[in-house]
Every structure is written in structure tokens, then in C-alpha cells.
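*Asks:* Give me a 3D structure for the following:
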Amino acid sequence: MKVETGYIYHIKDEFFDKINDKGLMINHENGHARPTYFTIKDKNILWFIPLSSKIEKYQFIVDKKLKKYGSCKSILIREIAGKKVVILLQNAFPTLEKYIDHPHIINGKPLKVIDSLKNEILFDFKYLLALKTTGKNLFFTDIDKIKNQMLEELEISKK
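*Replies:* Below is the predicted model:
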């Protein structure tokens, strides 16, 4: 499978079974494969950013952050494929291609986010990573620990 930045994917349960991080969102809810993930390809590592349909829940949080800080780069509420969704950059995590279950399909084609939104997500994600290097970590998961685990898996698979 060719994995590209800006497409939406589903992840295998195997990843969640392997990675024990309480900051990860659950993979299944009421028998549905959820959430879907916006994907960023970074060499051999993929960054998955969960999408949620819980607009009201997150709108409250965004409004609070906007009032307090004047901006909110950790949660975006935008439209993807004609539906309002929450893009949870704060819940991003690294993974590997082998943990992708399947692309999210609409009308028989893999779902790709429009370029302007893709660029906004990439900009905000890089901003959050840069903040993390200065000691301000807004990520809910231990992205360093998970990334190291994924890199170790890559090394083992090369042997």
C-alpha cells in the first residue's frame, strides 16, 4: 500500500495492543472502526492524528483556549469530505506502515484532505513539535517513547 501525507487511514488493533499508552484514543467504539487518522509520512515513521465527530465537546475546549491564549493549534475543527470534524493534533502519535489497516474510502476512492487544510495541519503539527523541544509538551501521548519503539521495530525487521 502506498501511504501518503494528507490521506485518512484506519489503524490495526495490533498497534494498540502493542503500545500501552493511556494517552492513545481507543480504536473501536460501538463496533465501528474509529477514529480515522490524518496521516503524515516522515521517512519510515508515520504520524497519525485522530479525527473525531464530537464537535460540541471539543468546541468548548477550543473556545476556552482561544479566550485564554488567543489561539488553539492543538485542536482544529474543520470540514473534511463535507462533514465537520475535530482534528486532534494533541493526540498525535508515531507508528509504522505495517499497522495501517486500510485507507478510509469514500465513493470508492481513498479520502484525501484538501491541500489548504493539509498545509494548515502540517504547519500546526510542526509548531507543536517545536514547542515540545522547548519543554512545552502539548501531546497527550509519550511520542518520544512510541517513536523509539517504532524505530526499534524497524531495526529488528531489517536484520
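*Asks:* which residue ranges form the strands in the chain?
*Replies:* Ranges of strands within the chain are 8-11, 28-29, 32-33, 37-42, 45-52, 75-80, 83-88, 93-95, 100-103, 105-106, 109-110, based on DSSP state E.
*Asks:* so what does the longest one touch, helix or strand wise?
*Replies:* Going back to what we said before, that points to strand 45-52. Counting contacts by 3 or more Cβ pairs under 8 Å, 6 or more residues apart in numbering; DSSP states H and E, strand 45-52 packs against strand 8-11, strand 37-42, strand 83-88, strand 93-95, helix 115-133, helix 143-158. C-betas here are computed from N, CA, C, even on glycine.
*Asks:* if we go to 6 Å?
*Replies:* Using 3 or more Cβ pairs under 6 Å, 6 or more residues apart in numbering; DSSP states H and E as the contact test, the elements touching strand 45-52 are strand 37-42, strand 83-88, strand 93-95.
*Asks:* wait, what's in contact with the closest residue to Glu14 other than its chain neighbours?
*Replies:* With sequence-adjacent residues excluded and distances taken as Cβ to Cβ, 6 or more residues apart in numbering, Glu14 is closest to Tyr99, at 6.4 Å. Applying Cβ atoms under 6 Å, 6 or more residues apart in numbering to Tyr99 gives the contacts Ile11, Lys12, Phe15.
*Asks:* Also Thr133?
*Replies:* Thr133 neighbours (Cβ under 6 Å, 6+ apart): none.
*Asks:* Can you tell me how far it is from Asn107?
*Replies:* Counting by Cβ to Cβ, to the nearest Å, the separation of Thr133 from Asn107 is 40 Å.
*Asks:* Same check on Leu46?
*Replies:* Distance, Leu46 to Asn107, by Cβ to Cβ: 24 Å.
*Asks:* Where does the prediction get shaky in the chain?
*Replies:* Residue ranges of the chain with pLDDT under 70: 23, 25-34, 159.
*Asks:* do that again at 50, thanks
*Replies:* For the chain, the stretches flagged by pLDDT under 50 are 30.
*Asks:* tell me the centre residue of it?
*Replies:* Ile49 (0.8 Å; Cα atoms, centre = their mean).
*Asks:* That residue contacts Phe38, doesn't it?
*Replies:* Yes - here Ile49 reaches Phe38: they are 4.4 Å apart, a contact under Cβ atoms under 6 Å.
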